[in-house]
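# Any chance you could fold what I've pasted below:
(one chain, ligands or ions: 1)
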Amino acid sequence: MDTNRVAEILAQKGAHKPCHRCDHVNFTVLDGFTKLLLQQSFRQGVEMDGPSVPVVSVACSNCGAVTAHALGALGLNLDT
Ligand SMILES: [Zn+2]
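Here you go, the predicted model:
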């Protein structure tokens, strides 16, 4: 994954404000994607292959707070 490109896209969208937890200004784009699993109920347990949203995560370099951004909103896909 091109983490520099992700950082550029986030900056273009104005998503480069200080950390919401500690106000630190340096972040790291984590090299890889995560799928947020979407479930309506836990009655059947965790469904690993159900609907999901692919996200890229950014971590604060100071406190480690992690923020997820949906790939679709960034114009990216899983082949990026
Ligand atoms: Zn922080």
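# CA only for contacts and neighbour counts going forward, please
Fine.
# so how far does stretch 54-74 reach from one end to the other?
Counting by C-alpha to C-alpha, to the nearest Å, you get 11 Å between the two ends of stretch 54-74.
# Is that stretch positioned near the ion?
Yes - judged by C-alpha under 5 Å from the ion, stretch 54-74 and the ion are in contact via 60, 63.
# Against residue 3, how distant is the most far-flung residue of the chain relative to its centre?
What lies farthest from the middle of the chain is residue 43; by C-alpha atoms, centre = their mean that is 27.4 Å. Plainly put, residue 43 is 37 Å away from residue 3 if you go by C-alpha to C-alpha.
# again, but for residue 53
Note on residue 53: its distance to residue 3, by C-alpha to C-alpha, is 19 Å.
# Could you verify my assumption that residue 61 touches residue 23?
No - under the criterion of C-alpha atoms under 8 Å, residue 61 makes no contact with residue 23, lying 10.8 Å away.
# Pull the contacting residues for residue 63.
Neighbour list for residue 63: 21, 22 [criterion: C-alpha atoms under 8 Å, 6 or more residues apart in numbering].
# ok, 7 Å please
Residue 63 makes contact with residue 22 under the criterion C-alpha atoms under 7 Å, 6 or more residues apart in numbering.
# other SSEs contacting the longest strand anywhere in the chain?
Looking across the chain with DSSP state E, the single longest strand is strand 27-37. Under the contact definition 3 or more C-alpha pairs under 7 Å, 6 or more residues apart in numbering; DSSP states H and E, strand 27-37 sits against helix 3-12, strand 52-60.
# okay, residue 61 and residue 23: which has more neighbours?
residue 61 (15 against 12; other C-alpha atoms under 10 Å).
# Touching, that one and residue 25? I think so.
No - at 8.2 Å, residue 61 does not count as touching residue 25 under the criterion of C-alpha atoms under 7 Å.
# and this structure, which residues reach the ion?
Proximity of the chain to the ion (C-alpha under 5 Å from the ion) is limited to residues 19, 21, 22, 60, 63.
# Surely the first one is in contact with residue 25?
Looking back up the chat, that one is residue 19. Yes - in this structure, residue 19 is within contact of residue 25 by C-alpha under 7 Å, at 6.3 Å.
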